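*Asks:* A predicted structure for the sequence below; I have some questions about it.
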Amino acid sequence: MRIDFHVHTSYSFDGRITPSLLASLSKKTGVITAITDHNNISSHSEFRKFKIPFIPGEEIETAQGDLIGLFMSEPVKKGVDFYEARDAIRSQGAIPYVPHMFDSLRPGVEKEEYGKAADIIEVFNARSLERFDKKAAEFAKREGKLMAAGSDSHYPYEFGTTYAEIDLTPDQLQPKPLLKALKNAKIVGKRTSLLKRKIAKYTGIYL
Ligand SMILES: [Zn+2]
């Protein structure tokens, strides 16, 4: 199974992929999506209507940087302390996942203690510079943390080429089996063009 662990829908202020479009992209590419909108989980109920497997998540803007929760059922508000968000994720049986760690150009957490407090480290983010991903991968390896990949898609063309490939069936898509399967994940990623994103942002034109 191929999973993209970091995807935004139009329920993110800067996201341009509607849940229905994301569902068709997921079907077309065979990549299962996590939905990680900024500070809300409002898209989950709409996405469930399409009856395809996905991971309902949230990307929370904590006071120290972004933190993703996977398998979220209750949203966590932005601006809270990192550890408060981490505990709120764990208390609902969800998984703390650190996106774009060390990315100083974006709100990635930079202190190692935050990575140590999570279960999964994103070692490939299609919007990050290679040097930040490298640092995250080295950290995850050293600390024995699980590794995954996310496209951080906000536009449709970004989805489908970045994922972690794991041995899991759709009916096993639950926190515990997922964590187990991630021990042998194969990371596949393609970096997306910053220029293309800037054009999309300022002209509204994108594929
Ligand atoms: Zn994101």
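*Replies:* Perfect, I can see it now.
*Asks:* residues in contact with the longest helix along the chain?
*Replies:* Ranked by residue count under DSSP state H, the longest helix found in the chain is helix 130-143. With contact meaning Cβ atoms under 8 Å, 6 or more residues apart in numbering, helix 130-143 is reached by 98, 100-105, 108, 112, 115-116, 121-125, 145-147, 191. C-betas here are computed from N, CA, C, even on glycine.
*Asks:* Report the buried members of the residues you listed.
*Replies:* Neighbour counting by 16 or more other Cβ atoms under 10 Å classes 98, 100-103, 108, 115, 121-125, 145-147, 191 among those as buried.
*Asks:* about what we covered before: as a whole number, average confidence for the longest helix of the chain?
*Replies:* Average pLDDT, helix 130-143: 97.
*Asks:* Now the element after that helix, going C-ward?
*Replies:* Following helix 130-143 in sequence order, the next helix or strand is strand 146-150 (DSSP states H and E).
*Asks:* For that following strand, name the packing helices and strands.
*Replies:* Packing partners of strand 146-150 (3 or more Cβ pairs under 8 Å, 6 or more residues apart in numbering; DSSP states H and E): strand 2-4, strand 120-125, helix 130-143, strand 163-165, strand 186-188.
*Asks:* Nearest to the ion, out of the ones you listed?
*Replies:* Comparison of the helices and strands packed on strand 146-150 against the ion by Cβ to the ion identifies strand 120-125 as nearest, at 8.1 Å.
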